[in-house]
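> Quick one: sequence plus predicted model below, questions after.
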Amino acid sequence: MPHFLVFFEFLRSRFSNHSAPFLSARQREAAQQLPFDNHFCFPPQSENSMRNKFLQSLALVAAVIGFQGKLSADDQTGLSVTMDSIDKLYDVQSRSISPENFTGEKSAGGMATDGTGKGASRELGQGWKVSPSIRIKGKSTFTLAEMNGPGSVRSFWMTPTGNWRTSVLRIYWDDETDPSVEVPIADFFASGWAKWDRCPLIRSTPICVNPRCGFNSYWPMPFRKKCRITMENLADDGMVLYYQINYALGDVPTNAAYFHAQFHRENPLKTKGSYTILDGVEGDGQYVGTYLAWGVHNTGWWGEGEVKFFIDGDKEFPTICTTGTEDYFCGAYDFEGSAGGKTGYTEFTTPYTGLPQVIRPDGLYDSVQRFSLYRWHIPDPVRFHHDLKVTIQALGWQPGGRYLQLQDDVASVAIWYQQEPHKKFPPFPSRDELEWH
């Protein structure tokens with residue numbers, strides 16, 4: 001919170017009984033404690049010459065600057081940790097939920113006497129990896145975690161078996177009945193084409209995929225009342241899931257928004273040459289990430305299409321329009337590179353953008369090219385105050401140097417933060433609509 005807001009609260013407190021709604025109780029208290037009394041700062045009107053007002057203003061500014069350290073500490077809750085704040089100590093409680101502690105309660109980890117590791121631990125007993133994972137039956141939903149706030153999910157790790165396009169991650173904030181996150185697990189981790197023996201390695205800031213399909217999320221996810229996380233297994237067969245959800249309990253800043261992620265897929269595209277990544281968002285928030293799982297149905301280059309952001313009432317033309325698909329994902333010239341004398345697509349993974357996986361035709365059953373792409377708007381979030389729509393064109397080339405509108409297989413995950421309540425998501429695709437072949 002900028003210090004001038006606390007300064008503003010200080011002034012308001014001297015003239016009225018009202019307080020600024022954007023300040024927390026702790027910040028208002030800090031403003032009241034500035035070391036000047038009413039008489040010094042605001043003498044009777046007869047003494048208020050222009051010179052006095054100017055000197056009073058200087059004194060107030062000096063007071064705010066003098067309390068800068070205190071106000072900065074009050075302004076931070078410690079729920080979000082960076083390299084700049086990792087050495088600071090805050091009034092939070094660290095907790096973690098896993099199959100070894102389903103509730104996250106203090107002093108309750110590793111107490112299981114039954115679980116998927118019972119056989120292996122039969123000679124060692126309680127406390128020796130008795131319950132490292134869970135089994136989720138086919139066509140059922142398992143609640144992975146329920147947390148009472150205020151607090152924030154700081155990170156979570158998962159590694160599942162089964163079909164990852166039909167394993168659906170959902171997250172509910174506070175008392176909502178409709179999810180704020182509803183995404184197949186592989187697509188949430190920017191790995192829509194992945195399977196057990198074909199996982200991309202991803203080294204980005206909020207999402208990492210490590211060897212042998214270790215899925216990791218570092219998106220901050222604050223909540224004020226509750227957080228509930230579930231996994232639905234749409235497949236007929238059961239699945240095994242290892243997971244760890246790390247969170248902290250503590251005050252949530254007043255301007256902290258809620259994490260949202262929505263999945264969408266069209267195969268083939270319903271409108272030739274055009275795909276909607278996100279629509280129907282209403283409220284106050286900012287867009288922070290795009291993941292695409294793109295399967296081509298034509299030969300040749302497929303990524304001439306522009307990504308467009310329609311912000312706060314935009315109709316025919318957007319406020320933000322990019323210049324091409326590889327441009328939006330911060331690559332260039334078709335992602336082409338040369339290695340061993342051959343020219344081809346070049347996979348890459350960086351903190352904010354990546355093309356981590358390219359599935360190339362193998363001459364047998366993998367007969368089409370497929371691409372995974374991510375773009376995290378962490379340095380450049382797209383701010384909206386009322387509504388947002390995000391689209392991408394599916395555009396290739398045809399003879400004569402003309403664009404070709406494509407009808408490819410495109411799936412996406414849109415990620416944004418906004419204040420609740422959010423507008424209910426569209427119906428989630430059926431199992432058949434999710435599958436890729």
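Sure, I can see it. What you are looking at is a predicted structure, and each value in this text was computed from that prediction instead of being measured.
> Which positions in stretch 117-129 come out as buried?
Neighbour counts over stretch 117-129 (16 or more other Cβ atoms under 10 Å) mark 117, 121, 129 as buried. Every residue, glycine included, has its C-beta placed from N, CA and C.
> Mind listing the residues bridging to Thr141?
Counting by DSSP bridges, Thr141 is bridged to Glu232.
> need the contact list for it.
Taking Cβ atoms under 8 Å, 6 or more residues apart in numbering as the definition of contact, the neighbours of Thr141 are 230-233.
> rewinding a little: strands - which of the buried residues of stretch 117-129 land there?
With strands taken from DSSP state E, there is no overlap with the buried residues of stretch 117-129.
> okay, those residues in CSV with pLDDT next?
As requested, the buried residues of stretch 117-129 are exported to CSV (pLDDT from 0 to 100):
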residue, pLDDT
Gly117, 97
Ser121, 97
Lys129, 97
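> Dump the residues you listed into JSON lines; add distance to Trp157 as well.
Formatted as JSON lines, the entries for the buried residues of stretch 117-129 read as follows, by distance: Cβ to Cβ, whole Å:
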{"residue": "Gly117", "distance to Trp157": "17"}
{"residue": "Ser121", "distance to Trp157": "21"}
{"residue": "Lys129", "distance to Trp157": "16"}
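> Out of the contacts of Thr141, give me the one that has the most neighbours.
Ranked by neighbour count under the definition other Cβ atoms under 10 Å, the contacts of Thr141 are headed by Asn233 with 23 neighbours.
> Next one: that one, what pLDDT does it get?
At Asn233, the predicted lDDT confidence score is 98.
> Does it touch Pro160 like I think?
No: counting by Cβ atoms under 8 Å, Pro160 is not a contact partner of Asn233; they are 9.1 Å apart.
> so what sits against both of the two?
Shared between the contact lists of Asn233 and Pro160 (criterion: Cβ under 8 Å, 6+ apart) are residues 167, 239.
> of all the buried residues of stretch 117-129, which comes closest to Trp436?
Gly117 (33.1 Å; Cβ to Cβ).
> where in the chain is pLDDT low?
Scanning the chain for pLDDT under 70 picks out the ranges 1-75.
> So it: which segments form each domain?
3-75, 99-434 (automatic domain parsing).
> The longest one: end-to-end distance?
Going back to what we said before, that points to domain 99-434. One end of domain 99-434 sits 28 Å from the other (Cα to Cα, to the nearest Å).
> Include distance to Gln93 when you put the domains of the chain into a markdown table, please.
Output for these, formatted as a markdown table (distance: least, Cβ to Cβ, whole Å):
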| stretch | distance to Gln93 |
| --- | --- |
| domain 3-75 | 18 |
| domain 99-434 | 4 |
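> Just say which of those is most tucked in.
Comparing those on average neighbours per residue, with mean count of other Cβ atoms under 10 Å, the densest one is domain 99-434 at a mean of 17.
> so which strand or helix has His297?
According to DSSP states H and E, His297 maps onto no helix or strand at all.
> Okay, Val92 and Arg154: tell me how far apart.
10 Å (Cβ to Cβ, to the nearest Å).
> Find the residues that touch each one of those two.
Common contacts of Val92 and Arg154, defined by Cβ under 8 Å, 6+ apart, comprise 79, 248.
> related to what we said a few turns ago, quick one: closest of the domains of the chain to Met83.
Taking Cβ to Cβ as the criterion, domain 99-434 is the member of the domains of the chain that comes nearest to Met83, at 11.8 Å.
> Okay, helices next: where are they in the chain?
With DSSP state H as the definition, the chain shows helices at residue ranges 3-15, 25-32, 38-41, 50-66, 68-75, 185-188, 325-328, 431-434.
> Contacts for stretch 220-231 next, please.
For stretch 220-231, with Cβ under 8 Å, 6+ apart as the criterion, the contacting residues are 79-80, 136, 141-154, 160, 167-175, 185, 241, 245, 247, 252-253, 256-259.
> Among these, which lie within strands?
136, 141-148, 151-154, 160, 167-173, 241, 245, 247, 258-259.
> so who does the spatially closest residue to Arg383 that is not a sequence neighbour touch?
Sequence neighbours aside, Gln286 is the residue nearest to Arg383 in space, at 4.7 Å (criterion: Cβ to Cβ, 6 or more residues apart in numbering). When contacts are counted by Cβ under 8 Å, 6+ apart, Gln286 touches 257, 377, 381-384, 416-418.
> how about CSV for the residues you listed, with distance to Glu435 added?
Written out in CSV, the entries for the contacts of Gln286 read as follows (distance: Cβ to Cβ, whole Å):
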residue, distance to Glu435
Ala257, 33
His377, 30
Pro381, 33
Val382, 31
Arg383, 36
Phe384, 33
Trp416, 27
Tyr417, 31
Gln418, 31
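> ok, so of those, who is nearest Pro318?
Val382 (10.5 Å).
> how near is that closest one to Arg375?
Remark: distance between Val382 and Arg375 (Cβ to Cβ) = 11 Å.
> How about Cys321: what's its closest non-neighbour residue?
Spatial nearest neighbour of Cys321, chain neighbours left out: Lys308 (5.1 Å); criterion: Cβ to Cβ, 6+ apart.
> Okay, and the beta partners of that neighbour?
The residues paired with Lys308 through beta bridges, assigned by DSSP bridges, are Cys321, Thr391.
> surely it meets Thr323?
No: Lys308 lies out of contact with Thr323 (Cβ under 8 Å); the separation is 11.0 Å.
> that older thread, what about the contacts of Gln286, which are in strands?
Cross-referencing the contacts of Gln286 with the strands (criterion: DSSP E) gives 382-384, 416-418 as the overlap.
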